[in-house]
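*Asks:* what follows is a predicted protein model with its sequence.
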Amino acid sequence: MNLDRIDLNLLRVFNVVFEERNLLRAAKRLNLSQSAISHALARLRYAIDDDLFVRSAAGMVPTPRAMAMAGPLRNALHQIGEAIGGEPFDPATTGREFVVAATDYVTVLLLGALAADLDEHAPFANLVVRPSTRIDLAGQIDLGRIDLAIGVYAEIPARFRFMCLWTQVDSLVMRQSHPLCDKVLDNQALLDYPLLTVSLGGTEEGAVDGYIAERGLARQSEMFDRQSLVDALAPDTPRFRMQVAHALAVPTLLRTSDMLALLPSPLGRLFAREYDVHSVAPPYAPRPVDVHAVWHERNDADPAHAWFRERLARLAPGLSL
C-alpha cells in the first residue's frame, strides 16, 4: 500500500467513527455532514480494501481489520498532534472538558472539592462525571471516552497508568441512637445486628471475590472487606440484611433501623459530620486498600491531562485512613 495516497483526514474520520460507532455523532464532532463522513469512509475502504465498519441495529460495528487498526492509529494521531504542537496549555483560559468515572461516594468526597478547585484555577474548564460501574469501564478508557477512572482495583493492565490517591479501611456506621452507640464493640455485635453493605455488582455481573474484571482491569464491586469480616466471625455467619448500589442512601436507611453499615472510612467520617450517624472502627482488622486514579498511557504527556492529575493529587491525601 502506498501511504502517500492516504489522506490524513480519512484517518481522523476513521478514529472518530470508531469511537462514536455512529455516523451522525461523528459528523457533529468533526463539524462535517453525514454524507461527507460516508464519502470519507468509502475512500478509506477502497484504499485499505476492507469494509472497516458494518451497519447494525447497535450502530457501526468495526470489522476485525478496523479493530486492529484503531489503537495504533489513535496513538499515531496523538503523536502527530504533539509533534505539530499548538498553543501551550493554560488552565486559566482552557475550555477543556475532563471526563471522570467515579462512584457516588468518590464524587462527594473528592470531586466536590475538585469542582471548587476548577472554579479557582480553571474557570472555563468543564467536568463530566460518569458512573464507574458502567459496563466495560476499561473499554471506555481505551476509546478515549473517559479521561480518568477513580476506584479500587485489584488488577491494572500495562496499557494504563495509575497513581494512588488515598488509602482506606472499613468503618462501622450506625444511627446515633443505636443500642451499641456508646458501647465497646466486639465481634458478637456483628452477629447480633444485621448488616448493610454497598455492592456495585454481584456474581450475575461476573464479580469474583468482590471484583469485576474487564479487559484486564479488575474493579471493586463490594465496598467492604468481606473476607476479613467472614474470617473474624468464623465459624458463625453474619446476616447481610441489605445491599444497596448507592452509598449515599445509607444514612437514610440507618435512620430508623438497627442495621450496622460497613463503609469506607473516609465516607464514614463524612457521614458522621453531616448526618445523625456514628462511625467507629470495626472490632476486627480489615485490610487497607488503595484508591487509584487510572488513565490510558497515551495521555501521559498531554499537558492538560497532567495538570488535571496534579490537581487531583493535591486534593486527595487528606482522605487517607
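*Replies:* Yep, it's here. Numbering: from 1, shown residues only.

*Asks:* okay, and for the chain, where does confidence drop off?
*Replies:* Within the chain, the ranges that satisfy pLDDT under 70 run 1-5, 78-79, 81-87, 134-135, 201-207, 209-210, 320-321.

*Asks:* ok, longest helix in it?
*Replies:* In the chain, with assignment by DSSP state H, the single longest helix is helix 64-84.

*Asks:* could I get the buried residue list for stretch 247-261?
*Replies:* 247-248, 250-251, 254, 257, 259-261 (16 or more other Cβ atoms under 10 Å). Bear in mind the C-beta positions are built from the backbone N, C-alpha and C, glycine included.

*Asks:* before we move on, what about stretch 306-321?
*Replies:* Of the residues in stretch 306-321, 307-309, 311-312, 315-316, 319-320 count as buried by neighbour count, 16+ other Cβ under 10 Å.

*Asks:* now stretch 261-275
*Replies:* Neighbour-count burial for stretch 261-275 [16+ other Cβ under 10 Å]: 261-272, 275.

*Asks:* save these as CSV, and put in distance to residue 107 and secondary structure too.
*Replies:* Shown next, in CSV, are the buried residues of stretch 261-275 (distance: Cβ to Cβ, whole Å; DSSP: H, G, I helix; E, B strand; the rest coil):
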residue, distance to residue 107, secondary structure
261, 19, strand
262, 20, strand
263, 15, strand
264, 13, strand
265, 17, helix
266, 13, helix
267, 11, helix
268, 17, helix
269, 16, helix
270, 12, helix
271, 15, helix
272, 19, helix
275, 17, coil
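
*Asks:* save these as a markdown table, and put in distance to residue 35 too.
*Replies:* Below are the buried residues of stretch 261-275 laid out as a markdown table (distance: Cβ to Cβ, whole Å):
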| residue | distance to residue 35 |
| --- | --- |
| 261 | 56 |
| 262 | 56 |
| 263 | 53 |
| 264 | 51 |
| 265 | 56 |
| 266 | 52 |
| 267 | 51 |
| 268 | 56 |
| 269 | 57 |
| 270 | 52 |
| 271 | 55 |
| 272 | 59 |
| 275 | 56 |
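
*Asks:* which of the residues you listed lies closest to residue 110?
*Replies:* In terms of Cβ to Cβ, no member of these lies closer to residue 110 than residue 266, at 8.9 Å.

*Asks:* nearest spatial neighbour of the closest one, skipping sequence neighbours?
*Replies:* Leaving out its chain neighbours, the residue that sits closest to residue 266 by Cβ to Cβ, 6 or more residues apart in numbering is residue 319, at 4.4 Å.

*Asks:* ok, now which ones touch that neighbour?
*Replies:* Neighbouring residues of residue 319 by Cβ atoms under 8 Å, 6 or more residues apart in numbering: 109-110, 165-166, 168, 266, 291.

*Asks:* those residues in helices, which ones?
*Replies:* Secondary structure from DSSP H places residue 266 of these in helices.

*Asks:* show me the two of the contacts of residue 319 that sit farthest apart.
*Replies:* Within the contacts of residue 319, 110 and 168 form the most distant pair, 11.9 Å apart (Cβ to Cβ).

*Asks:* ok, back up a step: inside strands: which ones of the buried residues of stretch 247-261?
*Replies:* Among the buried residues of stretch 247-261, the members found in strands (DSSP state E) are 260-261.

*Asks:* mind putting the buried residues of stretch 247-261 in TSV, distance to residue 47 included?
*Replies:* TSV is the format used below for those (distance: Cβ to Cβ, whole Å):
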residue	distance to residue 47
247	51
248	52
250	56
251	59
254	62
257	65
259	63
260	64
261	59
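
*Asks:* buried ones in stretch 123-142?
*Replies:* Applying a neighbour-count criterion of 16+ other Cβ under 10 Å, one finds 125, 129-130, 132-133, 137-138, 140-142 buried in stretch 123-142.

*Asks:* sorry, that was for stretch 9-24
*Replies:* Buried residues in stretch 9-24, counted by 16+ other Cβ under 10 Å: 10-23.

*Asks:* now do the SS call for residue 174.
*Replies:* Put simply, residue 174 is strand when judged by DSSP: H, G, I helix; E, B strand; the rest coil.

*Asks:* closest to residue 71 among the buried residues of stretch 261-275?
*Replies:* residue 264 (34.2 Å).
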